[in-house]
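> can you look at this prediction? I've put the sequence above it.
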Amino acid sequence: AQSVTQLDSHVSVSEGTPVLLRCNYSSSYSPSLFWYVQHPNKGLQLLLKYTSAATLVKGINGFEAEFKKSETSFHLTKPSAHMSDAAEYFCVVRTFGNEKLTFGTGTRLTIIP
Amino acid sequence: EPEVTQTPSHQVTQMGQEVILRCVPISNHLYFYWYRQILGQKVEFLVSFYNNEISEKSEIFDDQFSVERPDGSNFTLKIRSTKLEDSAMYFCASSPSRDSYGYTFGSGTRLTVV
């Protein structure tokens, strides 16, 4: 079985300050973990992915995430928020050998000017 | 950059009517998927498709749903007799292999059943 929990449904930060979006996962076997972003009226865009290589993963637009097995976490961070980062973010898990992706409930990120 | 294209972007249909959602996956991808997102809820897996047959499907994907790859480029999702609860955003995705790390998603079709 696989599941993800996104701990915050809504996060607001001021432009230029750090972003932290939290995600915990559950997987019966070695997981692949992803963060996807969805801008209004747009599709799901892959931000970054963890696939059992380096535990610190760098993605697009300055985002990164750290896989912590002991904490079963995969939190998404960015040092300095930009107005264009305002969107819905989804943490996603896939167990090796399982085709389907399991999504979290999403975190809406609002950037305050 | 290659894209997955979905049409239409928004479809309104009457309850009980059949609807077909269309997708053009990335040309060299072999695995195809449909997901849906009911407003305010999680994105949920519906079905995966490979080599012209369903490889996995969820409990949601009952007899009212079917998928087809009618030609070399399109991948369709048909709902035979739509219900109000079928109203959702439907996402198509494709990947080059089974163990590909992440799919490419389309921009979605918003289906509204009235």
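Everything's here; your move. Fair warning: this is a prediction, and the values are worked out from it, not measured in the lab.

> give me the most central residue, the chain.
All of this is about chain A. By Cα atoms, centre = their mean, chain A has its centre lying nearest to A:Trp35, at 3.5 Å.

> nope, chain B
In chain B, the residue lying closest to the centroid (Cα atoms, centre = their mean) is B:Trp34, at 3.2 Å.

> ok, and the closest non-adjacent residue to it?
Nearest residue to B:Trp34 in three dimensions, chain neighbours excluded: B:Leu46, at 4.3 Å (Cβ to Cβ, 6 or more residues apart in numbering or on different chains). No exception for glycine: its C-beta is placed from N, CA and C like everyone else's.

> so the one you found makes contact with B:Tyr35?
Yes - at 6.0 Å, B:Leu46 counts as touching B:Tyr35 under the criterion of Cβ atoms under 8 Å.

> buried set for stretch A:95-105?
The neighbour-count check on stretch A:95-105 (16 or more other Cβ atoms under 10 Å in any protein chain shown) flags A:95, A:98-105 as buried.

> give me the distance from it to the chain's centre.
How far stretch A:95-105 lies from its chain's middle: 14 Å, per Cα atoms, centre = their mean, to the nearest Å.

> what does stretch A:16-31 give?
Relative to its chain's centre, stretch A:16-31 lies at 6 Å (Cα atoms, centre = their mean).

> which parts of that stretch are buried?
A:19, A:21-25, A:27, A:31.

> give me the contact list for it.
A:1-8, A:11, A:13, A:33, A:35, A:50, A:52, A:63, A:71-81, A:85, A:89, A:91, A:93-97, A:104, A:107, A:109 (Cβ atoms under 8 Å, 6 or more residues apart in numbering or on different chains).

> show me which of the residues you listed are buried.
The buried subset of the contacts of stretch A:16-31 (16+ other Cβ under 10 Å) comprises A:2, A:4, A:6, A:8, A:11, A:13, A:33, A:35, A:50, A:63, A:73-76, A:78, A:81, A:85, A:89, A:91, A:93-95, A:104, A:107, A:109.

> tell me which element the residue nearest to the centre of chain B falls in.
strand B:31-37 (DSSP states H and E).

> what lines up beside the helix or strand following that strand in the sheet?
Counting by DSSP H and E, the element after strand B:31-37 in chain order, helix or strand, is strand B:43-50. According to DSSP bridges, strand B:43-50 forms sheet pairs with strand B:31-37 (antiparallel), strand B:53-57 (antiparallel).

> what about A:Leu45, how many residues nearby?
Not quite, residue A:45 is Gln, not Leu. Other residues within reach of A:Gln45, judged by other Cβ atoms under 10 Å in any protein chain shown, total 16.

> equivalent analysis for B:Phe49, please.
22.

> who's B:Cys23 bridged to?
Using DSSP bridges, the bridge partners assigned to B:Cys23 are B:Gln6, B:Phe75.

> thank you kindly, that will do.
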